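Asker: have a look at this prediction, sequence included:
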2 protein chains.
Amino acid sequence: MPTEFQFIEILQKKYALTKIGDDCAVLPKDSKTDLVVTTDLLVEDIDFRLDWSKPEFIGHKALAVSLSDVAAMGAKPVWSMVSIGIPERIWKTDFVDKFYKGYLTLAKKYDVELVGGDVSKTPERIVIDSIAAGEVKKGKAVLRSGAKVGDLIYVTGELGGAAAGLSILENGVRYADPAKIWQKNLLLKQLQPLPQIHTAFDLANKNSLTAMIDLSDGLSSDLAHICQASKVGAKIFADKIPFHRNLKAVAPTFDEKLNYALNGGEDFELLFTVNPKKNFQVKKAHQKIGFTVIGEITANAEMIELIIAGKSRILEPKGFRHF
Amino acid sequence: MPTEFQFIEILQKKYALTKIGDDCAVLPKDSKTDLVVTTDLLVEDIDFRLDWSKPEFIGHKALAVSLSDVAAMGAKPVWSMVSIGIPERIWKTDFVDKFYKGYLTLAKKYDVELVGGDVSKTPERIVIDSIAAGEVKKGKAVLRSGAKVGDLIYVTGELGGAAAGLSILENGVRYADPAKIWQKNLLLKQLQPLPQIHTAFDLANKNSLTAMIDLSDGLSSDLAHICQASKVGAKIFADKIPFHRNLKAVAPTFDEKLNYALNGGEDFELLFTVNPKKNFQVKKAHQKIGFTVIGEITANAEMIELIIAGKSRILEPKGFRHF
């Protein structure tokens, strides 16, 4: 069987679907603007667990994951829709109220208008489909496919926190418990992630980014997506990767931390590439989230090298995938 | 607990969501055009059953239900997205291939471009979220809310066929069996419905329709949606309702046929209202599907009268709803 990514490639070719395969589809809106649209499916017990989260967080995260895709195109999110399927026993609780509260609080924060949706019954588990759309200057959407040999590879923020949050959930720590600050930080990174909306928009407007993707599957996989779409390779330096400040409590050794940061996923930070000859600038307001050069684009098509302590090894994409 | 329709109304008011509540949201596109968008969730064992249908039909129907919503705005469908969640054991079969074949064959028929989607794993059952968008002349989308007292109420085609198809499925008839012609007709109406795309577009362009909705929940419920949105009532005549030509085999009495036609749902025909003083016209090519006046809009807000053999009774919305 093909992986999910291979399957999408097969579909693309078989039916000549030219607009699929990036974080969002780019569609013409008017003479000055393109519309970008994305959809993300979240399934109970696969993407979230009711006993690990709370309805407000689930609503928040449902929107956050799609806004992050919009952000990764360098676009400003504008509107959204959400479909929810829910078992009768949960319909009878206050779950939906709190779900929409979490969803709409985040929507308000980024001035995103909920314009539609669907409510359906399911036999057992909750499913959510989150649709978001944004606007970007015509022709200026930042794709995965524009990275060039020699470009610098940047990430925003710190990596591995969301996966470490998942790990402590798996070990029985709960958000409602009287947890330690570092535990709360990691749990929130997993349960209530903040997409880099303003940062991405500012970045894309102030710089000529050659490619961008949000870190949802994990750095190793998401960088592979950029390399594949751009038909290039990459070399990254393990000691440059910014680990989440609280990662050490969960992952004491360097190798463990590196594994979380490379393969953990769901950090919803940005991974992007920039021509080193161009001046790189960001608004002061966004500088505090941090921008780290972790490596550069190479000519070895679809091969990613990881340099650890001066030695090079091949980095396989080991981030999240369903199939 | 509120019904799903009441819940949507509560959300609408609580968060001032002005764009939800119609078949599609209407969004500004450019100076001449509005974009309409919709999303529909389909859940295995609620909205479809694998042993009652086939993957191509499920793919077809997933798109058809959303195209029907776009059509009901008087818009021309343009692009779509589809999210699919699927258990691992079905991922390993040819289900997805055949699903997309059915989906994309219908998409091609109406020149709709699949621009995005998501693939996710589910623990047990398939879920599909179908998103479709269309274009309509600015300000010309046909809403549910424009029906006026005295307007004539029309339906297209014949009603009750899809529900009768469901009924024979429940009684063990299968599409793959050597069924009779009337059984195949009813099964196809249920399993592979044809949305009234071209008819709706022609209707809306040639006439000033005051309101329109697609018949997905069932005539009694869908007419109630128009009455509620338009703050009017309606009077319909039982003997005017066009029954599906094959309904008699499943529903021998008039009352049984009437029940299928009023409350069955999923016919994906159009229900619309027209000012009787305006000339009503449709292209010759579309006349063969049939346009039947079944009653008129009244001032009795949100009350629907059904006239049977000269006697009036109140018609309660008894179409499909999840909650």
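Answerer: Everything's here; your move.
Asker: all contacts plus neighbour counts: C-alpha atoms, from now on.
Answerer: OK.
Asker: render the CA-only coordinates of the longest helix anywhere in chain A in CSV, please.
Answerer: The longest helix of chain A (DSSP state H) is helix A:55-71. What follows is helix A:55-71, C-alpha atoms only, in CSV (Å, rounded to 0.1, in the frame of the first residue of the first chain):
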residue,chain,number,x,y,z
PRO,A,55,-13.8,20.7,24.9
GLU,A,56,-12.6,24.3,24.8
PHE,A,57,-9.1,23.1,23.9
ILE,A,58,-10.4,20.7,21.3
GLY,A,59,-12.4,23.6,19.7
HIS,A,60,-9.3,25.8,19.8
LYS,A,61,-7.0,23.2,18.3
ALA,A,62,-9.5,22.3,15.6
LEU,A,63,-9.3,25.9,14.3
ALA,A,64,-5.6,26.3,15.1
VAL,A,65,-4.4,23.5,12.9
SER,A,66,-6.1,25.0,9.8
LEU,A,67,-5.1,28.6,10.6
SER,A,68,-1.6,27.3,10.8
ASP,A,69,-1.9,26.0,7.2
VAL,A,70,-3.2,29.4,6.1
ALA,A,71,-0.4,31.1,7.9
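Asker: now do it: which elements does it pack against?
Answerer: For helix A:55-71, the packing partners by 3 or more C-alpha pairs under 8 Å, 6 or more residues apart in numbering or on different chains; DSSP states H and E come out as strand A:33-43, strand A:76-86, helix A:95-109, strand A:127-137, helix A:181-191, helix A:197-206, strand A:209-214.
Asker: what separates it from the chain centre, distance-wise?
Answerer: Its chain's average C-alpha position is 10 Å from that of helix A:55-71, according to C-alpha atoms, centre = their mean, to the nearest Å.
Asker: now do the strands in the stretch 151-300 of chain A.
Answerer: Along the stretch 151-300 of chain A, counting by DSSP state E, counting those that start in this stretch, strands occupy A:152-156, A:209-214, A:233-237, A:270-274, A:291-298.
Asker: who does the longest one pair up with?
Answerer: In the sheet containing strand A:291-298, the strands it pairs with under DSSP bridges are strand A:152-156 (antiparallel), strand A:233-237 (antiparallel).
Asker: now A:Lys240, nearest residue through space, not along the chain?
Answerer: A:Ile294 (5.2 Å; C-alpha to C-alpha, 6 or more residues apart in numbering or on different chains).
Asker: what about the one you found, neighbour count?
Answerer: 18 (other C-alpha atoms under 10 Å in any protein chain shown).
Asker: please verify my assumption that it contacts A:Leu223.
Answerer: No - here A:Ile294 does not reach A:Leu223: they are 11.2 Å apart, not a contact under C-alpha atoms under 8 Å.
Asker: mind listing what's buried along stretch A:131-144?
Answerer: The neighbour-count check on stretch A:131-144 (16 or more other C-alpha atoms under 10 Å in any protein chain shown) flags A:131-138, A:140-144 as buried.
Asker: what pLDDT, on average, does that stretch get?
Answerer: Regarding stretch A:131-144, the rounded mean pLDDT is 98.
Asker: now check that stretch, is it near chain B?
Answerer: No - for stretch A:131-144, no contact with chain B is found by C-alpha under 8 Å from any C-alpha of the partner chain; the gap never falls below 8.6 Å.
Asker: give me the contact list for that stretch.
Answerer: Residues outside stretch A:131-144 that contact it (C-alpha atoms under 8 Å, 6 or more residues apart in numbering or on different chains) are A:22-23, A:26, A:28, A:31-40, A:63, A:66-67, A:70, A:72-82, A:204, A:209-213, A:225-226, A:229-230.
Asker: filter these down to the buried ones, ChimeraX style.
Answerer: Of the contacts of stretch A:131-144, the buried ones go into a single ChimeraX selection, burial set by 16+ other C-alpha under 10 Å:
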select /A:22,23,26,33,34,35,36,37,38,39,40,63,66,67,70,72,73,74,75,76,77,78,79,80,81,82,204,209,210,211,212,213,225,226,229,230
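Asker: what does the stretch 201-323 of chain A put close to chain B?
Answerer: A:322-323.
Asker: so which residues of the stretch 201-323 of chain A form helices?
Answerer: For the stretch 201-323 of chain A, the helices defined by DSSP state H, counting those that start in this stretch cover A:219-230, A:254-263, A:284-287.
Asker: about what we covered before: dump the strands paired with strand A:291-298 to a markdown table, plus mean neighbour count, distance to B:Lys318 and mean pLDDT.
Answerer: A markdown table is the format used below for the strands paired with strand A:291-298 (neighbours: other C-alpha atoms under 10 Å in any protein chain shown; distance: least, C-alpha to C-alpha, whole Å; pLDDT from 0 to 100):
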| stretch | mean neighbour count | distance to B:Lys318 | mean pLDDT |
| --- | --- | --- | --- |
| strand A:152-156 | 24 | 53 | 98 |
| strand A:233-237 | 23 | 60 | 98 |
